[in-house]
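A.B. asks: structure of the sequence below:
(chains A and B)
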Amino acid sequence: MNWTWFHRLGSPPHIYKLAGTLTPWFAWSAALLITYGLIGGVVLAPTDYQQKDAYRIIYVHAPSAWLSLMIYTTMAVSAAIGLIWRMKVAHALAAACAPIGAWFTVAALGTGMLWGKPMWGAYWAWDPRLTAELVLLFLYMGYMGLRAGIEDTQRADRASAVLAIVGVINVPIVKYSVEWWNSLHQSASVMKMGKPDIVPEMLIPLLVMFVGFTLLFAALVLIRLRAEILRRERAASWLRAEVLA
Amino acid sequence: MQPVLFFVIVTTMFPLALSPELSRLRDVAPGVLWVAALLSSLLALEFLFRDDAQDGTLEQFALSGQSLTWLLFAKTFSHWLLTGLPLAIVAPISAGALGVDFGAMPGVIASLALGSFGLSLIGAIGAGLTLGVQRGGVLLSLLTLPLAVPILIFGARATELAIYREPYGAPLYLLAALAVLGLTLAPLGAAAAVRIGLE
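C.D. replies: Predicted structure coming up:
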């Protein structure tokens, strides 16, 4: 088997060009899917018999929450790759992930609070899942703070990588908190073995939103990755040629 | 000595701010004791590696050919002996001042001793990571506090159960489990962090 394509993933010029090519594809398919998912979820899907129309916030809330965890895992894995194989691009990817992940965490918490007010009667409850998600936000903040605090990029990369790996312990806690503790948060109705608990008219837009949000993340992270490579390779001759071309 | 003094003074602030009523103070005592312990251990962590980094001792550690993991574990352990353990020993005084009965003290001491040990271990990673950072104290708190949440939850729970004279074994075991987890993994993380800091 030919492994050149894999080794080329470690080369900044290659990734810079590849990210540039891929971004519009991800961005447009994300735009299409999110538009479809929003219309399907907010307009067409039937009203829930118990939660009425308030449940519709799930179309933003659940994909954001999924991304908040997925992005952290992506960040930790690429940080670990960067730490172990000293791959510059992997560190750049981890750096690009953090602010996006933090904002999706804010989105998940914010939409959850808006939903919590009519449903639970309070914006916030000190519930395991909510608290763990908040801790996730703090971890993102700490990660970004550590990056900002160390001037030398390489040292910042490696130090923040250690932190990202240590913090990964929180991911399973958020994911399974609903099952481990008697949480106020409802358990998953979609990601279940066998038959999901919701009707297809509700389910399909939700799944579309999951894919759409993930593609949106892919587009955003590639844009940030390009910016990150620009900053890191500012002295490189290939970049000069690339920008002037 | 300073972290212990800080702990005592902070816990003294609560009766002044809240109300001198002992029954009310007893209800908030677990939270007060644990948050004060957390803050004072953070305060102490700033000095865990700082002086050794400045005078080159850490570099000698790294170059000595001995395992840096073990050396840093020894360093963290002695740090706990000098800051965490005294905190657990003076805790009954603060707890008593908050209206906690004498019978609850073994639980208070045991939970704080185990918890502060875990905090020192987790904090060693944060202290290693913030080695090269100017004014890293706030950053150190930002890194360590989210990771300290489980210790805070189980520690405060054990203390609370002890105060209400209920069996507090379960949270104490969980606290011990966290300390063991920290004992196994944290020195490795701290060694990795210190190596990066020395580069």
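
A.B. asks: find the nearest non-adjacent residue to residue A:124, please.
C.D. replies: Computed as Cβ to Cβ, 6 or more residues apart in numbering or on different chains, the closest residue to residue A:124 that is not its neighbour in sequence is residue A:113, at 6.2 Å. All C-beta spots, glycine's among them, are computed from the backbone N, C-alpha and C.

A.B. asks: could you do residue B:76 as well?
C.D. replies: residue B:124 (4.5 Å).

A.B. asks: what does chain A put close to chain B?
C.D. replies: A:131, A:135, A:138-139, A:141-142, A:145-146, A:149-150, A:152, A:154-155, A:158-159, A:162-163, A:165-167, A:169-170 (Cβ under 8 Å from any Cβ of the partner chain).

A.B. asks: the residue nearest to residue A:124: how many residues sit nearby?
C.D. replies: Here the number of neighbours of residue A:113 (other Cβ atoms under 10 Å in any protein chain shown) works out to 16.

A.B. asks: before we move on, what about the one 5 residues further on?
C.D. replies: Close neighbours of residue A:118, defined as other Cβ under 10 Å, add up to 12.

A.B. asks: report back the residue of chain B that's furthest from centre.
C.D. replies: Of all residues in chain B, residue B:65 sits farthest from the chain's C-alpha centroid, using Cα atoms, centre = their mean; the distance is 29.8 Å.

A.B. asks: which pLDDT value goes with that one?
C.D. replies: We have a pLDDT of 84 for residue B:65.

A.B. asks: distance between the helix or strand containing residue B:111 and the chain's centre?
C.D. replies: Per DSSP states H and E, residue B:111 falls inside helix B:105-129. Relative to its chain's centre, helix B:105-129 lies at 4 Å (Cα atoms, centre = their mean, to the nearest Å).

A.B. asks: same deal with stretch B:162-178?
C.D. replies: Here stretch B:162-178 is found 17 Å from its chain centre; the criterion is Cα atoms, centre = their mean.

A.B. asks: with stretch A:33-49 instead?
C.D. replies: With Cα atoms, centre = their mean, you get 22 Å for stretch A:33-49.

A.B. asks: who's in contact with that stretch?
C.D. replies: A:53-56, A:58-59, A:199, A:201-202, A:204-206, A:208-209, A:211-213, A:215-216 (Cβ atoms under 8 Å, 6 or more residues apart in numbering or on different chains).

A.B. asks: and what of stretch A:93-112?
C.D. replies: A:57, A:60-61, A:64-65, A:67-68, A:71-72, A:74-76, A:78-79, A:82, A:130, A:133-134, A:136-137, A:140-141, A:143-144, A:147, A:157, A:160-161, A:164, A:213, A:217, A:220-221, A:224-225, A:227-228.

A.B. asks: just the buried members of those?
C.D. replies: The neighbour count (16 or more other Cβ atoms under 10 Å in any protein chain shown) marks A:57, A:60-61, A:64-65, A:67-68, A:71-72, A:74-76, A:78-79, A:82, A:130, A:133-134, A:136-137, A:140-141, A:143-144, A:147, A:157, A:160-161, A:164, A:213, A:217, A:220-221, A:224-225, A:228 as buried among the contacts of stretch A:93-112.

A.B. asks: least confident secondary structure element in chain B?
C.D. replies: One helix or strand of chain B scores below all others by mean pLDDT, DSSP states H and E: helix B:50-54, with a mean of 85.

A.B. asks: where does residue A:185 sit: helix, strand or coil?
C.D. replies: coil (DSSP: H, G, I helix; E, B strand; the rest coil).

A.B. asks: okay but it is in contact with residue A:129, surely?
C.D. replies: Yes. Judged on Cβ atoms under 8 Å, residue A:185 makes contact with residue A:129 at a distance of 4.3 Å.

A.B. asks: between these two, who's got more neighbours?
C.D. replies: residue A:129 (24 against 18).

A.B. asks: that older thread, give the buried residues for the least confident helix or strand of chain B.
C.D. replies: B:50, B:52, B:53.

A.B. asks: excluding covalently adjacent residues, which one is nearest to residue B:4?
C.D. replies: Residue B:4's closest residue in space is residue B:86 (Cβ to Cβ, 6+ apart), at 4.9 Å.

A.B. asks: count of neighbours near residue B:188?
C.D. replies: Residues near residue B:188, counting by other Cβ under 10 Å: 14.

A.B. asks: got the contact list for it?
C.D. replies: Contacts of residue B:188 by Cβ under 8 Å, 6+ apart are residue B:69.

A.B. asks: need the phi and psi values for it.
C.D. replies: When read as degrees, to the nearest 10, the backbone of residue B:188 gives phi -60, psi -50.

A.B. asks: what does residue B:101 give?
C.D. replies: phi -70, psi 160.

A.B. asks: residue A:126 now?
C.D. replies: Dihedral angles of residue A:126 (phi, psi; degrees, to the nearest 10) stand at phi -80, psi 70.

A.B. asks: what number of residues lie near it?
C.D. replies: By other Cβ under 10 Å, 8 other residues sit near residue A:126.

A.B. asks: swap in residue A:172?
C.D. replies: Neighbour tally, residue A:172, other Cβ under 10 Å: 13.

A.B. asks: state the helix or strand in which it lies.
C.D. replies: Here residue A:172 is assigned to helix A:170-180, by DSSP H and E.

A.B. asks: could you give the mean pLDDT of that helix?
C.D. replies: 71.

A.B. asks: could you do stretch B:159-169 as well?
C.D. replies: 88.

A.B. asks: go through it and flag the buried ones.
C.D. replies: Of the residues in stretch B:159-169, those buried (16+ other Cβ under 10 Å) are B:159, B:160, B:161, B:162, B:163, B:168.

A.B. asks: which of these sits closest to chain A?
C.D. replies: residue B:160 (14.6 Å; Cβ to the nearest Cβ).

A.B. asks: who are the contact partners of the closest one?
C.D. replies: residue B:30.

A.B. asks: returning to what we had before: could you point out which element follows the least confident helix or strand of chain B?
C.D. replies: As assigned by DSSP H and E, the chain's next helix or strand after helix B:50-54 is helix B:57-63.

A.B. asks: how far away from the center of its chain is that following helix?
C.D. replies: 25 Å.
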